[in-house]
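Trainee: missing the sequence, but the structure's below:
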């Protein structure tokens, strides 16, 4: 890593916002080509591109505990890394990057692009591979078949110890042995004197796939998305214009740097000529106040966060703790991702932090997905726009809009074309009618690696009975409302629950209402609603262990009653489970499909469950198997009495049960 002195770091952190760069953005076909342009400008010679902050016990001044990578240093490092990588590898080879979050990961991401390599960055699992935390690595190695793996020297040594031990997964060991292991330390120690030549640029070209980015897994097994260098460049150029980012912008991000929004903001920083302050997801989870401190100390103008961040920071932000004052006056873009976005949680966050300088007008609900590189659109239009901003922005059915359909300007390149489609007729629906969101854009990815049928189905959507351009079928439901044509992302097509009266409801409404019935005892964002054999099921995680059967019964009754009153939906089965039982995606979204499978396969750590009305015998058998498994005995099924309007406990509290192993919250981010 490259480190400037603390004096120089502070000078550019605090003074560069007063410099007048007055530059027009030099559009380039790939993101890597922006680096030499900025690095060769006098004003950028010492300007930080990325700043990495380690959170320690002394939280008074993060600038004293940071490492800086300037534009000049990053450009030189990327050039050297690309030259060294092409000694053991050839242009076009596939490599998996197994680096921990930090500046080294940033350098190798750009270094691989300049070397013309196809990159698959993923979070490195524990090299002991003892906790079954390596399933995604097996998936990646099986599907992408990389020639090499790039990792830190110590990580490679741990992998070598694993494959030589007796207690190994033979399939995984064979995959690891087939890789050429490249040490980041060795590459960086062998610095190269190769010079940059724009005329002889041999990095990834616009039409070449340079990145494999996996989907979140919210609605199914994560799938490998093929992203070209040109699509990625178009995507971040569009995002730069949407958020009005420029060389004076200061970004703060703790998101994972391997995919989705976290990776996009690395590219977005370079395209904008901005500075990005980075920290790890683990540091944020451990101490959410860190996010607020970084915004305050570095005078951040832009920060992207998943929607669950806002209620989490309100609850665990520790405003009464820490010596560093919180001041959010500098924020112009608080970008909220992970739709649907509830108005109430944003209102609460604004009310709490408005006294600390937060401007409501900076709230920027946004929409994106891996199949479109990441960014699709935002409902935020900036202080100079003519559209209403938060809190005057339109609300629909408790939600904030995530995008607007009127995006294209006459002087801009072709931009996002978003339509809402009838899922059966493949015809656009009228405003005010819900349908599937389709997106056509130069940012569209090329398809799924190794899934030709699914690629045709998802990436080659066309309007029925007419010749049209290709659209990506997002699998998201949406509705367009109002004169401003705001797009509200209402949920996932595959998650929709069909009710007996031919009506439909999105599960997040049931989950939110259930949580609000008893927020002191249920975990926010850790509830899943789904349908099994015409039965609506609600599974909720408890905040802590609770052994009082009568209390747990009242808790289930309260959930059922609240959902019936507010959503007019009869829950047929309410299940309380131990903390950590529900599967989530890498960005913290509940995987309802996986939760459903886990319940039906008797792998859920149930504390209490109650049936209402008629319930699937297969479902009850699965739940009964769960009880017997965790109790360690196979006694006969208890008799159940079920009467309309009256519930009977199916099982006693399983207070002696042991929860299944589950990854930490860090791994879920």
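Mentor: The structure has been received and is ready for your questions. On a predicted model such as this, the values are computed, not experimentally measured, just so you know.
Trainee: rest of the way, CA atoms for contacts and neighbours
Mentor: OK.
Trainee: would you map the helices across the stretch 101-250 of the chain?
Mentor: Using DSSP state H, counting those that start in this stretch, the helices of the stretch 101-250 of the chain run over 103-114, 135-144, 153-163, 170-177, 184-189, 229-243.
Trainee: so the second one versus helix 170-177, what angle?
Mentor: Translated: helix 135-144. Helix 135-144 runs at 60 degrees relative to helix 170-177, counting by axes from the mean of the first three to the mean of the last three CA atoms, to 10 degrees.
Trainee: so how far is stretch 125-138 off the chain centroid?
Mentor: Centroid separation for stretch 125-138 versus its chain: 20 Å, with CA atoms, centre = their mean, to the nearest Å.
Trainee: distance between the ends of that stretch?
Mentor: Terminal residues of stretch 125-138 lie 11 Å apart, using CA to CA, to the nearest Å.
Trainee: these two touch, right, residue 235 and residue 375?
Mentor: Yes. Counting by CA atoms under 8 Å, residue 235 touches residue 375, with 6.3 Å between them.
Trainee: once you drop chain neighbours, what's closest to residue 583?
Mentor: Leaving aside its chain neighbours, residue 583 sits nearest to residue 591 (5.6 Å; criterion: CA to CA, 6 or more residues apart in numbering).
Trainee: does that neighbour really touch residue 217, like I thought?
Mentor: Yes. Using CA under 8 Å as the test, residue 591 is close enough to residue 217 to be in contact (7.1 Å).
Trainee: neighbour-wise, which of these two wins?
Mentor: In this view residue 591 and residue 217 are compared by other CA atoms under 10 Å, and residue 591 has more residues nearby, 21 against 18.
Trainee: in contact with the more buried one, which residues?
Mentor: Contact criterion CA atoms under 8 Å, 6 or more residues apart in numbering gives 217, 218, 219, 220, 528, 582, 583, 584, 585 as the residues in contact with residue 591.
Trainee: so which of those is the closest to residue 99?
Mentor: Proximity to residue 99 was ranked across the contacts of residue 591 by CA to CA; first place goes to residue 585, at 20.1 Å.
Trainee: quick check: the closest one vs residue 312, distance?
Mentor: The gap separating residue 585 from residue 312 is 17 Å, by CA to CA.
Trainee: low-confidence ranges in the chain?
Mentor: Judged against pLDDT under 70, the low-scoring parts of the chain cover residues 1-26, 57-64, 131-132, 192-193, 197-199, 382-387, 406-414, 465-466, 614-669.
Trainee: show me the domain layout of it.
Mentor: According to the domain assignment given by the TED database, the chain is divided into the following structural domains: 31-286, 409-492, 497-611.
Trainee: off-centre distance for the longest helix belonging to the chain?
Mentor: With residue count as the measure and DSSP state H as the assignment, the chain has helix 549-567 as its longest helix. Its chain's C-alpha centre and that of helix 549-567 lie 31 Å apart, by CA atoms, centre = their mean.
Trainee: show me where the stretch 251-400 of the chain has its helices.
Mentor: For the stretch 251-400 of the chain, the helices identified by DSSP H, counting those that start in this stretch occupy 260-272, 281-286, 289-297, 309-316, 343-353, in order along the chain.
Trainee: I'd like these as a markdown table, with distance to residue 144 and mean neighbour count appended.
Mentor: Listed next are the helices of the stretch 251-400 of the chain as a markdown table, based on distance: least, CA to CA, whole Å; neighbours: other CA atoms under 10 Å:
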| stretch | distance to residue 144 | mean neighbour count |
| --- | --- | --- |
| helix 260-272 | 18 | 23 |
| helix 281-286 | 26 | 18 |
| helix 289-297 | 35 | 22 |
| helix 309-316 | 32 | 17 |
| helix 343-353 | 39 | 17 |
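Trainee: and of those helices, who's closest to residue 434?
Mentor: Residue 434 sits nearest to helix 343-353 of all the helices of the stretch 251-400 of the chain, at 19.1 Å, using CA to CA.
Trainee: tilt between that closest one and helix 309-316?
Mentor: Following the same axes, to 10 degrees, one obtains 50 degrees for the angle between helix 343-353 and helix 309-316.
Trainee: contact partners of helix 343-353?
Mentor: By CA under 8 Å, 6+ apart, the surrounding residues in contact with helix 343-353 are 310, 311, 314, 328, 358, 359, 360, 395, 398, 399, 400.
Trainee: I figured residue 258 hits residue 122, correct?
Mentor: Yes. A contact is recorded between residue 258 and residue 122 when judged using CA under 8 Å, the distance being 5.5 Å.
Trainee: show me what contacts residue 550?
Mentor: Counting by CA under 8 Å, 6+ apart, residue 550 touches no other residue.
Trainee: now do it against residue 540, distance only.
Mentor: In this structure, residue 550 and residue 540 are separated by 17 Å, where distance is defined by CA to CA.
Trainee: the domains of the chain into JSON lines, with extra columns for distance to residue 335?
Mentor: Converted to JSON lines, the domains of the chain look like this (distance: least, CA to CA, whole Å):
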{"stretch": "domain 31-286", "distance to residue 335": "9"}
{"stretch": "domain 409-492", "distance to residue 335": "16"}
{"stretch": "domain 497-611", "distance to residue 335": "15"}
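Trainee: so which of the ones you listed is nearest residue 354?
Mentor: Comparison of these against residue 354 by CA to CA identifies domain 31-286 as nearest, at 19.0 Å.
Trainee: greatest separation within the contacts of helix 343-353: which pair is it?
Mentor: For the contacts of helix 343-353, the farthest-apart pair by CA to CA is 328 and 398; their separation is 26.1 Å.
Trainee: more crowded one of those two?
Mentor: Each of residue 328 and residue 398 had its neighbours counted (other CA under 10 Å), and the higher figure belongs to residue 328 (23 against 11).
Trainee: contacts for stretch 372-391 next, please.
Mentor: With CA under 8 Å, 6+ apart, stretch 372-391 has contacts from 227, 231-232, 235-236, 239, 242-244, 260-261, 264, 360-369, 401-404, 416, 439, 441, 443-445, 472, 484, 486-487.
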